[in-house]
Structures are given as structure tokens and as C-alpha cells.
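I would like to see how this sequence folds:
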Amino acid sequence: MTTLTVWFDGGCPLCRREIALMRRLAPPGAIRFIDLDDGDADCPLDRGRLLARFHALEDGRMVSGAAAFAAMWRSIPRLRPLGLAARNPLVLAGLERLYRAFLRGRPRLQRWVARRDARRAAA
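Below is the predicted model:
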């Protein structure tokens, strides 16, 4: 099995939580996670572009958005059926619409999660 490479925004509290979950679910060595918040991160594209959308390298091909999530899901046995379903163009188009809607609300969700985490840390 080829290792999938995923770039994520380690400065985003939502992203950190999601990647932590994916790390727990993924078989060892199945996914190489690269934190773009790390100054030494290997960036095959412009860092700003990588931060704007979720990206993954699957079988030598760079994918982003819903396609990158689907690639990641295919590497995780529990989520593989969802990743395989996303190979259907209609399913992938629907997931991409949901992803774009999420991106519009992401800044608000990030602030909410950051405040919540700060309150928990202070308690």
C-alpha cells in the first residue's frame, strides 16, 4: 500500500482535532501527516495555497478539498467505504459543495473552538 501524504494547518484548532482523530484511526504508516505550522514543513505548493484548502498526495497526484478528504478516508479502514463512494463524481461533487460551505464558516468555528479550548485550559 502506498503511503498517502496529507498537509494540514497545525495552527487551526479544528484541524488539529480532526488530524488527531485520523491518526488514531489510520493504520501505522498509512498516512504521512505534515503540519504546515511547522517552519520546516515540506511544501510542494505555495504554503498559502496549502493552508487555504486541505491537500493530499495520492498515488503521485495532488488532490484538494473533498477529493483530499476522500483520499484520506480510503487509507483508513473504518472510513474506506465513504472514500470509495466519493469516487462517484456526483458524490464527490456533493462533498465538495459541503466542503466549500464549511470553508466559509471555518473562521467562525476556529474562533469558537479556540475560546472553548482556552476556557477548558483555564479551568
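
As a check, name the ranges of all strands in the chain.
4-8, 31-35, 55-58, 61-64 (DSSP state E).

Could you work out which of these reaches nearest to Arg106?
Nearest of the strands of the chain to Arg106, taken as CB to CB: strand 4-8 at 12.9 Å. In short, each C-beta sits where N, CA and C put it, glycine included.

That closest one packs against which elements?
For strand 4-8, the packing partners by 3 or more CB pairs under 8 Å, 6 or more residues apart in numbering; DSSP states H and E come out as helix 13-25, strand 31-35, strand 55-58, helix 66-74.

average pLDDT for it?
Mean per-residue pLDDT for strand 4-8: 94.

How far away from the center of its chain is it?
Centroid separation between strand 4-8 and its chain, computed with CA atoms, centre = their mean, to the nearest Å, is 7 Å.

For that strand, buried residues please.
Buried positions in strand 4-8, judged by neighbour count with 16 or more other CB atoms under 10 Å: 4-8.

Export the strands of the chain as a markdown table, with columns for distance to Gly83.
Output for the strands of the chain, formatted as a markdown table (distance: least, CB to CB, whole Å):
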| stretch | distance to Gly83 |
| --- | --- |
| strand 4-8 | 10 |
| strand 31-35 | 12 |
| strand 55-58 | 10 |
| strand 61-64 | 11 |
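
so Asp38 makes contact with Gly10?
Yes. Between Asp38 and Gly10 a contact is recorded at 6.5 Å, counting by CB atoms under 8 Å.

Please say which of those two ends up with more neighbours.
Gly10 (16 against 10; other CB atoms under 10 Å).

from what I can see that one touches Phe33, true?
No. Here Gly10 lies out of contact with Phe33, judged by CB under 8 Å, at a distance of 9.2 Å.
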